[in-house]
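*Asks:* Test case, fold it:
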Amino acid sequence: MRALRASIVVETVKAGRASTLWVTTLITVLGITGICTSVLTAIQSGRTDLTIKLGPLGTTADWTTLLSVGSQITAAGGVLSLGIGLSWLVGREFAQSTIQSLFGLPVSPAQSVAGKFVVFFAWAVMLAVLIPTGLLIGGLACGLGWPDEYAWGGLVRTAALIPLSALLATPCAWVTTLGRNLLTGVATAIGLIMVAEGGAMVVPTNSFPFTAPAVWALGSAPALGLALTPVVGVVFVLLTIFTWRRLQLDR
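*Replies:* Numbering: from 1, shown residues only. Next up is the predicted model:
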């Protein structure tokens, strides 16, 4: 446990001093907030071309519309941002050729990557606070007034959507390790979004973990899919740790 704690401290310092996660956080929060408030502004200004595309969501500029659009964007954008961040956390050792030095430390490579996962999930929790806060500020700025009970529930669901998305982004760490290149992880993050979109067409939504969190955030209750979401995270976290335990300098 002492070695794991040391790994968490080191990985936290490394992540905090680098700009990658900070920039990704800024772009994600401002991007989601900006898109959602832009939709509200367009509805308020009578943009019929947009309201037609939005369908039932585009009839009224209210908290329901804001949170519905926000959940859909967060579901896709969250996996992408989290996948990129996780790919960087794991892949930076290969990109910066520091992986060799890990073999000379008292902390094993497996413990090092476990520390990276702790930092990753802590970052996801931070995003889970910042994104709903951005939506709240955006809604108030658009004149929606103070949220009612339903709107607060939607904000809480959006917050919970981020850690669930973090679980779904864990395959990026394993693929990055196998490819020894952070770009393979980024490609995996993009692929996960495609899997979610394509899989939703052929797999029942209530049992497909890659779409279940988004469906739940919109107000449904896909129990089986939500139950499988942590399973995806646990499996790929363990696979990554196991792979790091067997890393060799010549491969």
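*Asks:* any idea which element Ile145 lies in?
*Replies:* Actually, residue 145 is Gly. It isn't Ile. Gly145 is part of no helix or strand when elements are defined by DSSP states H and E.
*Asks:* With Leu4 instead?
*Replies:* For Leu4, the host element (DSSP H and E) is helix 2-17.
*Asks:* buried stuff in that helix?
*Replies:* Residues Ala3, Leu4, Ala6, Ser7, Ile8, Val10, Glu11, Thr12, Lys14, Ala15 are the ones in helix 2-17 that count as buried (16 or more other C-beta atoms under 10 Å). Backbone N, C-alpha and C define where each C-beta goes, glycine included.
*Asks:* for stretch 86-95, same thing?
*Replies:* Those buried within stretch 86-95 under the rule 16+ other C-beta under 10 Å are Leu86, Ser87, Trp88, Leu89, Val90, Gly91, Arg92, Glu93, Phe94.
*Asks:* What sits closest to the fourth one if chain neighbours are left out?
*Replies:* With C-beta to C-beta, 6 or more residues apart in numbering as the measure, Lys116 is the residue that lies nearest to Leu89, at 4.7 Å, once sequence neighbours are left out.
*Asks:* Please list the residues outside stretch 11-26 that contact it.
*Replies:* 81, 84-85, 88-89, 92, 112, 115-116, 118-119, 122-123, 126-127, 130 (C-beta atoms under 8 Å, 6 or more residues apart in numbering).
*Asks:* and the end-to-end length of it?
*Replies:* Start-to-end span of stretch 11-26 (C-alpha to C-alpha, to the nearest Å) is 20 Å.
*Asks:* Use 33 as the first number from now on
*Replies:* All set: I'll call the first residue 33, so the last point we hit is now stretch 43-58.
*Asks:* now this protein, which segments are flagged as low pLDDT?
*Replies:* Within the chain, the ranges that satisfy pLDDT under 70 run 79-91, 232, 235-238, 281-283.
*Asks:* Just the CA trace of stretch 150-168, in CSV.
*Replies:* Taking Å, rounded to 0.1, in the frame of the first residue of the first chain, the C-alpha atoms of stretch 150-168 are listed here in CSV:
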residue,chain,number,x,y,z
VAL,A,150,-6.6,6.7,-9.4
VAL,A,151,-5.6,10.1,-10.8
PHE,A,152,-7.8,9.5,-13.9
PHE,A,153,-10.9,8.8,-11.8
ALA,A,154,-10.2,11.7,-9.5
TRP,A,155,-10.1,13.9,-12.7
ALA,A,156,-13.4,12.4,-13.8
VAL,A,157,-15.0,13.4,-10.5
MET,A,158,-13.7,17.0,-11.0
LEU,A,159,-15.3,17.1,-14.4
ALA,A,160,-18.5,15.7,-12.8
VAL,A,161,-18.6,18.9,-10.7
LEU,A,162,-17.5,21.4,-13.4
ILE,A,163,-19.7,20.3,-16.3
PRO,A,164,-23.0,20.6,-14.4
THR,A,165,-21.8,23.8,-12.8
GLY,A,166,-21.1,25.2,-16.3
LEU,A,167,-24.6,24.1,-17.5
LEU,A,168,-26.2,25.8,-14.4
